[in-house]
Structures are given as C-alpha cells and as structure tokens.
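S.K.: Return atomic coordinates for the entry below.
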Amino acid sequence: MVIGFVLLWNSGFIGAEYGLPHTGPFTLVFWRYLVLSLLIFVYLLVRNRLKWFGWKVTSLNMLIGFLAHGVWLTCVLFALDREVPAGIVALIVALQPLATGALSPSVTHEKTNFYQWIGLVLGFIGVVLSVGFRIDFRSSSSLFGYIIPLFSVMGITVATLIQRKMELNASSQKLPIAQSLFYQGIATMLALAFPAIFIENLQTEWVPEFFYAMSWLILAVSLGAYILMWKLIERLDTTKVASLFYLGPPVTMFMAWIAFGDQIKTMDLVGMGVVSIGVFLTQFRK
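M.R.: Take a look at the predicted model:
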C-alpha cells in the first residue's frame, strides 16, 4: 500500500507537466474534478449509495477536499506552470512532514518522539540542500515560483490533520471513502469553477496528449493515490503518513528524468541521501 501510494501520488507531477501545455492550472483542476465527480456520482447511483448526509457532515468533508485537492493541486500546478522543475516542486511539498510533526500533538494528540523529530529535521535539511542550489535569488519571479508550493504544504497538512482527528475520535462526520471523495471532488470543482471560467475562459487544447494526461490524473492519482492516502491515515499516525511525502522527490525526479530528461544535479542526490535517513528515523516508535 505504501509503495503504491508513493508511486501513484508522485506520478501526478508528471501527469500535470503533460497536461499544463494544453490548458491553464485552474482549468486543468476544474476539468479533472468535474469528470471525477461525475464518475463517482454514477458509481454511487448504480450502487444505490448516493446519499445526503446533512450539511454539518458534508461541509467538513468538502473542506478537507478543498484543502487536500484544490489548494494543494492548484499551487503545485502554478509552480509547474512557472517552469519550476517537477522534482523540486515535490521537494518543497515534502516540507509537509515537518509541519505535520509540529502540529499533530496539539490537533490529534499523537506525540512526535525524539527519533521522529530528528528524522523530520533531517528531511527538512535535505529539502533545503536541494532547493537552495536551484533558486535564482536575483529573479523575483523565480523566487515566487518556489514559494507557491508552500501553500500546498499548508493545505494538505491541515486536511490530513482533520482527517486523522476524525479517525481517532470515530467521528460521525467520517464518511465511507467513496462518498467522501465525491463531496471532496464537488468542493474542488466548485472552488475552481470561477477562476477557470472567468480568468482562463476554460481555454483547452483538446489533443490526445491532454486526454492521456487527464485520464491518468483522474483514475490513477485522484482516485488511486487519494484512496490509498486516506486508508494509510486510518492505520498510521500522522507523522508516519506525512513522512512518506519525503519519498516523493527522488521518485518524482527519477520519473521526470525518464519523461522529460530533467537534469539531476549533485546537490539533488546529496539532499535525497539526507532525506532518506530522515524518513528511516521517522519510523521509530521510541
């Protein structure tokens, strides 16, 4: 399950790079979640599981979706659209474990132990080593491009903590995965509809490459990867689940090297070595 999540989740960066040349970031996310919502709607309808759970329950699941899908994805796509390398976007987003480790004691009451903190800090150092040598500090536009993914970190961290707290408290607001993803998809689609329509005018090049990218993003990432992530959150504490995001950069860099010929620099490898040690340490219980 862990390997499947890491591979599918990080393939989203590659799928996004394939799709972005043919549409804008807002429009890409809008089409993606419009189709995803329709697919899940049909599935729930056929299985006779389509149900309204009340606004209190539905709104919380929609908030999780807006943060985990809408904020996370849109910021990632903006960074990619500004030509920040896919592997480096993954590195910046990998700061999520550090944020989760800092916030989980107060939100979910799951303590981050000494070894986990050492691992999280080492992971952060690994990210800094790799990203720091790629930023052109003389260019404000370049610097802005590298800052955008930090909002992705905020969105996915808050969403993960809310979901984990629901799991620990056996909350009545927790929905089955299919229904939860349906309302999450609806929330993301609605949130992106306005900017996609009024800012980007839904401009899209309907070419085969775009359909291939969208198919992968919808089926493999929005369905496959997110389902695996929510299942992992059910079984593992937030720090351990979040630490898996540290495994994203090397996987994404390797994928980007195969797909686009992106150059892997020496400091990327050094940073990845430090990150790997950090991930290993986060798995210690004491």
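
S.K.: burial measure for the closest residue to Phe260 other than its chain neighbours, as a count.
M.R.: Leaving out its chain neighbours, the residue that sits closest to Phe260 by Cβ to Cβ, 6 or more residues apart in numbering is Glu17, at 6.6 Å. Placement of C-beta: from N, CA and C, glycine included. Applying other Cβ atoms under 10 Å, we find 21 residues neighbouring Glu17.

S.K.: Can I get stretch 46-62 as CSV, trimmed to CA atoms?
M.R.: Output in CSV follows, covering the C-alpha atoms of stretch 46-62 (Å, rounded to 0.1, in the frame of the first residue of the first chain):
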residue,chain,number,x,y,z
VAL,A,46,-25.6,2.5,-9.7
ARG,A,47,-24.6,1.0,-6.3
ASN,A,48,-27.6,2.8,-4.6
ARG,A,49,-25.2,4.6,-2.2
LEU,A,50,-25.8,8.2,-3.3
LYS,A,51,-26.9,9.9,-0.1
TRP,A,52,-27.1,13.4,1.5
PHE,A,53,-25.5,13.2,5.0
GLY,A,54,-26.6,16.7,6.1
TRP,A,55,-24.7,19.9,5.8
LYS,A,56,-22.7,19.6,9.0
VAL,A,57,-21.1,16.3,7.9
THR,A,58,-20.9,17.2,4.2
SER,A,59,-19.3,20.6,4.8
LEU,A,60,-16.4,19.2,6.8
ASN,A,61,-15.6,16.6,4.1
MET,A,62,-15.9,19.3,1.4
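
S.K.: Buried residues, it. List them.
M.R.: Residues of stretch 46-62 classed as buried by neighbour count (16 or more other Cβ atoms under 10 Å): Phe53, Val57, Thr58, Leu60, Asn61, Met62.

S.K.: Does the second one touch Gln179 like I think?
M.R.: No. Val57 sits out of contact with Gln179 when judged by Cβ atoms under 8 Å, with a separation of 9.5 Å.

S.K.: tell me the centre residue of the protein?
M.R.: Ranked by distance to the mean C-alpha position of the chain (Cα atoms, centre = their mean), the top residue is Trp72 at 5.5 Å.

S.K.: how close does that one get to Phe280?
M.R.: To Phe280, Trp72 is 26 Å away according to Cβ to Cβ, to the nearest Å.

S.K.: same check, this time on Phe133
M.R.: Noted for Phe133: a distance of 24 Å to Phe280, by Cβ to Cβ.

S.K.: which secondary structure elements does the helix or strand harbouring the residue nearest to the centre of the chain contact?
M.R.: For Trp72, the host element (DSSP states H and E) is helix 72-81. For helix 72-81, the helices and strands in contact under the criterion 3 or more Cβ pairs under 8 Å, 6 or more residues apart in numbering; DSSP states H and E are helix 2-19, helix 25-46, helix 86-93, helix 140-147, helix 149-168.
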